[in-house]
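Chemist: Sequence and computational prediction follow.
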Amino acid sequence: MKYMHKAVALALATLATAAAAQQGDTIVKIGHSGPLSGAQAFSGKDNENGARLAIEELNAKGVTVAGKKVRFELLSEDDQGDPKAGVSVAQKLADAGVRYVLGPYNSGVAIPAARVYSSAGVVVASVASNPKLTQQGYKNLFRVNASDSQLGSKMALYAAKELKLKNVAVIDDRTAFGQGLAEEFKKQARASGMTVAGHEYTTDKAVDFSAILTRLKAKKVEAIFFGGYAPQGGPMARQIRQLGLNAKLLGGDTICTSELAKLGGDAVGPNVLCSQGGALLDKAAAGPAFKARFKKRFNADPDVYAASYYDAANMFAQAMQQTNSIDPAKVGAAIAAGSYQGVAGTYAFDAKGDMKSSPVTIFTFKGGQPVAITSY
């Protein structure tokens, strides 16, 4: 019994020492805003896991800024992919003293939330792709991904040059993301000599697309570009097949996910093509090692943007070390002026906060998984 007391006393003493050491650490809160519930929760969780892995690795390695050890804490909030909820999350994170945020994921959320973050002096790294996000003129807002103009236009170029399509149509889900993407595809499609035979509209909650697909079938379109997300893209692929519509389904990064194949079943294969920002993880120098660490930690493969969120968290930490400061104004200025070599690419930004160079990779589907065809 005496030895048991000694063991307990020793354990308590060790905990007390660790707590004392941690009390001397500088705590830096990193916020995450994304859809952690609802149809897009698979993307929100994947993004959050990318951020979590980076923060756990940084804490394990030990980061020192201005002679003091920094301990990072992740504060993750569910913005439901909803603009109103996203603005509330932004205010909540700002009020909690968070000065670094990863997200929001959705353009419709990121655009209004950016004002709150800017007013609070927060440094933001978002994958939201609508060009309007960085056209608002906010400082310390960085897009760590290709924009719609790149994702949409390069998919159109591929459709015209490689697939040799002539007659296409567009459907968008009326979200800021979906509309932006569809417009960019349309613009480039026409510039590349394709006819855009129709532009139909749906919502990001819809499940039945038979009426709009029937209209497009009558126009004998060879492909439909969908500006929207996987929860709608999967059922859309099924219904294209059910209606006997012999058209490919094209889209952006948000349908470049195994979730699309889960929802679309055997209607998702080589007939579906999508564009995603960044080069291939498998071809990137640090890509395979990142995938292995992610799989070990979360027992799942990283999806579309886990690596971008991982990179953004590490980019924040590098800028803190470079400036010897955790002041967001100084850190943001260092990110704006510098360059960070991450897993998914090199992050260097123009005056608006867009990446100077963001390759786009075109994918198709094989065995329920997105498979890369080429990078543009």
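Modeler: Structure's in. What do you need? Residues are numbered from 1 along each chain as shown.
Chemist: Local confidence estimate at Lys291?
Modeler: Per-residue pLDDT puts Lys291 at 96.
Chemist: From the chain's centre, how far out is the helix or strand that it is a member of? Work that out for me.
Modeler: Using DSSP states H and E, Lys291 sits within helix 287-298. The gap between the average C-alpha position of helix 287-298 and the chain average comes to 18 Å, counting by CA atoms, centre = their mean, to the nearest Å.
Chemist: what's it packed up against?
Modeler: On a contact count with 3 or more CB pairs under 8 Å, 6 or more residues apart in numbering; DSSP states H and E, helix 287-298 meets helix 41-61, helix 306-323. (Glycine included, C-beta is placed from N, CA and C.)
Chemist: Show the average pLDDT along the last one.
Modeler: Read that as helix 306-323. On average, helix 306-323 scores 98.
Chemist: following it, which helix or strand shows up next?
Modeler: Trace forward from helix 306-323 with DSSP H and E and the next one is helix 328-337.
Chemist: Contacts for the helix or strand following that following helix, please.
Modeler: If you walk from helix 328-337 toward the C-terminus, the next helix or strand you reach (DSSP H and E) is strand 340-341. For strand 340-341, contacts defined as CB atoms under 8 Å, 6 or more residues apart in numbering pick out Asp311, Asn314, Met315, Gln318, Ala319, Thr346, Tyr347, Ala348.
Chemist: what does stretch 73-83 give?
Modeler: Under the contact criterion CB under 8 Å, 6+ apart, stretch 73-83 has outside partners 27-38, 40, 44, 48, 51-52, 55, 85-86, 89, 92-93, 96, 98, 103-106, 108-109, 111-113, 204.
Chemist: Inside helices: which ones of these?
Modeler: In helices, defined here by DSSP state H, the members of these are 44, 48, 51-52, 55, 85-86, 89, 92-93, 108-109, 111-113.
Chemist: count of residues packed around Gly103?
Modeler: Gly103 sits with 32 neighbouring residues when counted by other CB atoms under 10 Å.
Chemist: can you pull the buried residues of the helix holding Lys291?
Modeler: By neighbour count, and taking 16 or more other CB atoms under 10 Å as the criterion, the buried residues in helix 287-298 are Gly287, Phe290, Lys291, Phe294, Phe298.
Chemist: Alpha carbons of stretch 24-31, in PDB - could you do that?
Modeler: The C-alpha coordinates for stretch 24-31 follow below in PDB (Å, rounded to 0.1, in the frame of the first residue of the first chain):
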ATOM      1  CA  GLY A  24       5.000  29.000 -19.000                       C
ATOM      2  CA  ASP A  25       4.200  28.200 -22.700                       C
ATOM      3  CA  THR A  26       2.800  30.800 -25.000                       C
ATOM      4  CA  ILE A  27      -0.700  29.500 -26.100                       C
ATOM      5  CA  VAL A  28      -1.600  30.200 -29.700                       C
ATOM      6  CA  LYS A  29      -5.200  29.300 -30.600                       C
ATOM      7  CA  ILE A  30      -5.800  28.200 -34.200                       C
ATOM      8  CA  GLY A  31      -9.500  28.300 -35.200                       C
END
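Chemist: what distance separates that stretch from the centre of its chain?
Modeler: The mean C-alpha position of stretch 24-31 is separated from the chain mean by 24 Å, CA atoms, centre = their mean.
Chemist: Need the contact partners of it.
Modeler: Here stretch 24-31 has contacts from 51, 55, 65, 68-77, 93, 96-103, 122, 313, 316, 320, 326, using CB under 8 Å, 6+ apart.
Chemist: re the thing from before, mind putting the contacts of strand 340-341 into a markdown table with distance to Gly227 and neighbour count?
Modeler: Formatted as a markdown table, the contacts of strand 340-341 follow (distance: CB to CB, whole Å; neighbours: other CB atoms under 10 Å):
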| residue | distance to Gly227 | neighbour count |
| --- | --- | --- |
| Asp311 | 26 | 28 |
| Asn314 | 31 | 21 |
| Met315 | 29 | 24 |
| Gln318 | 34 | 20 |
| Ala319 | 33 | 24 |
| Thr346 | 28 | 14 |
| Tyr347 | 26 | 25 |
| Ala348 | 28 | 15 |
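Chemist: need those in TSV with distance to Leu151, can you?
Modeler: Below are the contacts of strand 340-341 laid out as TSV (distance: CB to CB, whole Å):
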residue	distance to Leu151
Asp311	18
Asn314	24
Met315	21
Gln318	27
Ala319	27
Thr346	18
Tyr347	17
Ala348	19
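Chemist: so what's Gly234 up against?
Modeler: Contacts for Gly234 (CB under 8 Å, 6+ apart) come out as Glu259, Leu260, Ala261, Lys262, Leu263, Gly264, Gly265, Val268.
Chemist: Thanks a lot, catch you later.
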